[in-house]
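Make a model of this:
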Amino acid sequence: MGESDRDPTLAAAKRALDAREYENVVSLLTGLAHVGDAEAQFILGYLYFTEYDCRPGTAYEWLARAAQQGHAESCYYLSKFPEFLGIRVTE
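I've put the predicted structure just below:
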């Protein structure tokens with residue numbers, strides 16, 4: 001998938017996400033995510049974290065990949081992971 005395909009693909013995926021067409025979102029973004037697009041990685045991680053076919057391991061993997069590239073929202077959701085998994089964090 002070339003650079004020129006990125007923006008239209010992300011836009012289509014975001015429309016599909018708004019329409020709750022989760023399988024379409026996954027189909028649209030998986031290729032971009034695998035080639036390192038941080039926004040695609042975040043959206044997939046967010047989707048698995050909050051909305052679609054709850055898969056903690058998959059959600060964590062995509063969020064971590066995006067966070068490694070400095071994606072702020074991914075960092076936020078990773079900080080919530082212990083709560084998501086029902087783990088109580090004490091200081």
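
just checking, what packs against the host helix or strand of A40?
Under DSSP states H and E, the secondary-structure element containing A40 is helix 38-50. Packing partners of helix 38-50 (3 or more C-beta pairs under 8 Å, 6 or more residues apart in numbering; DSSP states H and E): helix 3-18, helix 22-34, helix 56-68, helix 72-79. The C-beta positions use only the backbone N, C-alpha and C, and glycine is treated the same way.

How about the third one, which residues are buried there?
What it means is helix 56-68. 59-63, 65-67 (16 or more other C-beta atoms under 10 Å).

contact partners of it?
33, 36, 38-39, 41-42, 44-49, 74-75, 77-78, 81, 84-85 (C-beta atoms under 8 Å, 6 or more residues apart in numbering).

Likewise for the last one?
Applying C-beta under 8 Å, 6+ apart, the contact partners of helix 72-79 are 38, 41-42, 45-46, 49, 59-60, 63-64, 66-67.
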